[in-house]
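# please work out how this folds:
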Amino acid sequence: MASLPQSILVTVERFAESMNLVAQPSRDGSYTFEFETSGRLTFTPNPDRNGHAPMMSLSRPMAGLAHQTMPILLARAGYDAATDRMIHVGATRDQRAVAWTTLGDERFELSDLEAAWAVLRGTVSVG
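As a prediction, the model looks like this:
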């Protein structure tokens, strides 16, 4: 089972503590947090790269019909200069909008996590 790089894991744990949450890994090594308004925030290790280059994703139910929501969501994908990250988008089978970015092995501080989370929240808030 792949796991998150230590530098990212420490930041995820600090994030959880700051919100009075407990960071518990799932069986696949990912960490998931459910927020009432923001949606489901997940940190997933990359099994193809031995945990390196994990993904940070946010999903939430689509506010409208997929054929109305997807063009808006797709227009929000691309390079985000403020965080220096590529933002990818899609939809799940259960009609959830999802946005994600890949985290490198670089230093990843709590402020970096919060900035990326803000971009992902803005991306999936369609409708």
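# who does the helix-or-strand element of the chain with minimal mean pLDDT touch, helix- and strand-wise?
Every helix and strand of the chain was ranked by mean pLDDT, DSSP states H and E. The lowest is helix 66-75, at a mean of 85. Applying 3 or more CB pairs under 8 Å, 6 or more residues apart in numbering; DSSP states H and E, one finds that helix 66-75 makes contact with strand 85-91, strand 96-102. C-beta: built from backbone N, CA, C; applies to glycine.
# buried residues, that helix. List them.
69-70, 72-73 (16 or more other CB atoms under 10 Å).
# so which of the helices and strands packed on helix 66-75 is the most packed in?
strand 96-102 (a mean of 21; mean count of other CB atoms under 10 Å).
# helices and strands around whichever helix or strand comes after it, which ones?
Proceeding N to C from strand 96-102, the next assigned helix or strand is helix 110-124, under DSSP states H and E. If you count contacts as 3+ CB pairs under 8 Å, 6+ apart, helix 110-124 packs onto helix 6-18, strand 39-44, strand 55-61, strand 85-91, strand 96-102.
# make CSV out of these and add mean pLDDT and distance to residue 111.
Compiled in CSV, those are given as follows (pLDDT from 0 to 100; distance: least, CB to CB, whole Å):
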stretch, mean pLDDT, distance to residue 111
helix 6-18, 91, 9
strand 39-44, 94, 16
strand 55-61, 94, 14
strand 85-91, 94, 14
strand 96-102, 93, 15
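# tell me how far stretch 48-61 lies from the chain's centre.
In terms of CA atoms, centre = their mean, to the nearest Å, the centre of stretch 48-61 is found 7 Å from the chain centre.
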